[in-house]
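> sequence-free structure coming up:
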C-alpha cells in the first residue's frame, strides 16, 4: 500500500514535473536533476547520501540536504541519463534511474536495518516513477537471491583454486543465474522498456565485479596476461557496442569500462597503453577509456602533465560532450589548484626538507605532547589513500576541540600535486612533505610495505596500533575510547 506524500512534496512534484518538459532531450548543455523525498521514522544521527554514476569518471558524491524530520533534497547536472546510488545508514543502498531535467521524489521507511525490508518500503513520485518502481522490484528480487550475492570468501577461494577457464565457467554460471532472474522479473512484472534494459545490464555486474577482483589478484601476484587471457577479453567485448540506450545503466557501464581499461593496462606497458586505447574498435568505449586514462592522473594524482602532453589525442577522439566537457573542466580545476593552491586555514604545513627522519618523528611527538596522534602515510599517486580523505575530514570534524591531532605524511610525490590535493580536500591537521630519500627511510623505520598506512599513538607517545586497516572511520572510534 502506498504511503501518503506530504503536501509540500506534492507541490514540489507538480512544480518540477511541469517545469522539466525537456527531460527527454539531450544535447551539449547539461540539465539539472532533482532528487528529493521523505524518510519516515527518520533517525537524525543517520545520513542519506547520493552518488551519481558518471560514465568515464568515478561515481560523484552529491551534496544532500536533510532537515530534522527526514525531508531531503539533492540537485546536480547531467548531459545524459544515468543511475545513482542512494545510501542510508551507510550500508543500506539502492539504485534509482534518472534523466537530465528529471525531478524524482522518493519515500521510504527509515526504521529498517535490513536492505530488503527498506526496499519494500520505497515508493516514487515525479519523473520516471514507474521505471523506478520496476527497478526497485528487480533489486528486491536480486538481493533476495543469495546465489547472486558477492561472497568475498568464496570468490577468493575460486581465484586460488581455479585456472582461467574454470574461473570463466564460474563467472558464466553466475551470469546464467542472473539471466534466469531477469526472465522471471520480466514475466511476472511486465516492466517498461527502460527498466528492462537497465535490469538486463545490471545482471552483467556479476561478471564484471568478480572479474575485476580476479584481475586485481592476478596483477598483485605478478601474473602476465598472455594470449590465454583473451577468453575474458572476448567475453567483455560481447557487451559492445555501447549505445545511448545503455547510458541509464551507468553503474554497469562503469564496471565494464573499468574492466576493459584494466585489462589493456595490464597487457601493455605504460608507453604502449595510450596507443592501445586509440586502436580500440568500439568508438564510444574508446572515448570512455581515453577519458579514464586522462582523468586518472587529474583526479588521483592532481597532475595535468598527461593531459597537456597528449591533449591533441583527447581532442581528436573524445567527441561526446558528456565526456569532453567534464574532462576539460577537471583539467582547468586541477591547473588552478596547482598554480594557486588554497590550503585550509587550520592546516599546518611543516618544513621537513632539511630534517632527518628521527628529527621529523621527534618534532611530531614534541609538538603534540599530551595528545592522541593519528598519523596517515599517503601519496598523491595512491588512489586508496585519496579515497579515505573525505572520511578523514569527517573524523577531524567529529573530534574537533579534543586532545587529538591528525598528522599527514606525504611520500614519494611531487610538491605541486601535494599542495593541489590539500586544496581539493581541505584537510586540517599537520602536513609533512617528504623527499624520495626521506620516504625510503621512513618506510624502513616503520616497516611500511604499502600505503595508506596509519599509526595510532597515545598521549604518552607510545604506538598503540598500526596498519593499513586503521582507516579514519575505524580510527575515529578507537580515538574516542582513548580520550575517555
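Thanks, I have it. These figures come from a predicted structure and were not determined experimentally.
> just checking, what's the longest strand in this protein?
Of all the elements of type strand in the chain, the one with the most residues (DSSP state E) is strand 31-40.
> partners of the very next helix or strand once past it, with directions?
Per DSSP states H and E, strand 31-40 leads on to strand 48-52 as the next helix or strand towards the C-terminus. According to DSSP bridges, strand 48-52 forms sheet pairs with strand 60-62 (antiparallel), strand 82-88 (antiparallel).
> and the ones you listed, which is most packed in?
Mean neighbour count (mean count of other Cβ atoms under 10 Å) peaks for strand 82-88 among these, with a mean of 22. (Each C-beta comes from the backbone N, C-alpha and C, glycine too.)
> Can I get the strands paired with strand 48-52 in a markdown table including mean pLDDT?
Shown next, in a markdown table, are the strands paired with strand 48-52 (pLDDT from 0 to 100):
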| stretch | mean pLDDT |
| --- | --- |
| strand 60-62 | 93 |
| strand 82-88 | 96 |
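> Mind putting those into JSON lines with distance to residue 178?
Shown next, in JSON lines, are the strands paired with strand 48-52 (distance: least, Cβ to Cβ, whole Å):
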{"stretch": "strand 60-62", "distance to residue 178": "27"}
{"stretch": "strand 82-88", "distance to residue 178": "17"}
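> one step back: in the longest strand of the chain, what counts as buried?
31, 33, 34, 35, 36, 37, 38, 39 (16 or more other Cβ atoms under 10 Å).
> What sits closest to the first one if chain neighbours are left out?
I take that to be residue 31. residue 100 (3.6 Å; Cβ to Cβ, 6 or more residues apart in numbering).
> And what about that neighbour, helix, strand or coil?
Put simply, residue 100 is coil when judged by DSSP: H, G, I helix; E, B strand; the rest coil.
> That one reaches residue 79, doesn't it?
Yes: Residue 100 lies in contact with residue 79 (Cβ atoms under 8 Å); the separation is 6.5 Å.
> From one end of stretch 300-317 to the other, what's the distance?
23 Å (Cα to Cα, to the nearest Å).
> Revised request: answer the last question for stretch 308-322.
First-to-last residue span, stretch 308-322, Cα to Cα: 20 Å.
> on that earlier part again, and the longest strand of the chain, which strands flank it?
Strand 31-40 has these strand partners (DSSP bridges): strand 71-78 (antiparallel), strand 103-109 (parallel).
> gap between it and the chain center?
21 Å (Cα atoms, centre = their mean, to the nearest Å).
> Likewise for stretch 473-482?
The answer for stretch 473-482 is 24 Å, by Cα atoms, centre = their mean.
> One more: stretch 324-331?
That offset, for stretch 324-331, works out to 18 Å (Cα atoms, centre = their mean).
> Same check on stretch 303-322?
With Cα atoms, centre = their mean, you get 22 Å for stretch 303-322.
> Likewise for stretch 238-247?
For stretch 238-247, the distance to the chain centre is 22 Å (Cα atoms, centre = their mean).
> from here on, count from 176
In the new numbering, first residue 176, that becomes stretch 413-422.
> Mean confidence (pLDDT) on that stretch, please.
The pLDDT scores in stretch 413-422 average 92.
> what's the answer for stretch 380-394, then?
For stretch 380-394, mean pLDDT rounds to 75.
> The stretch 476-625 of the chain: helices as residue ranges?
According to DSSP state H, counting those that start in this stretch, the stretch 476-625 of the chain carries its helices in the segments 480-484, 486-492, 496-514, 532-542, 558-562, 564-573, 590-600, 611-621.
> between the strands paired with strand 206-215, which gets nearest to residue 437?
strand 246-253 (25.5 Å; Cβ to Cβ).
> Check which residues of the closest one are buried.
246, 247, 248, 249, 251, 253.
> Next, work out how far apart the residue nearest to the second one when sequence neighbours are not counted and residue 225 are.
Excluding its sequence neighbours, the residue lying closest to residue 247 (Cβ to Cβ, 6+ apart) is residue 241, at 4.2 Å. Residue 241 sits 11 Å away from residue 225 when distances are taken as Cβ to Cβ, to the nearest Å.
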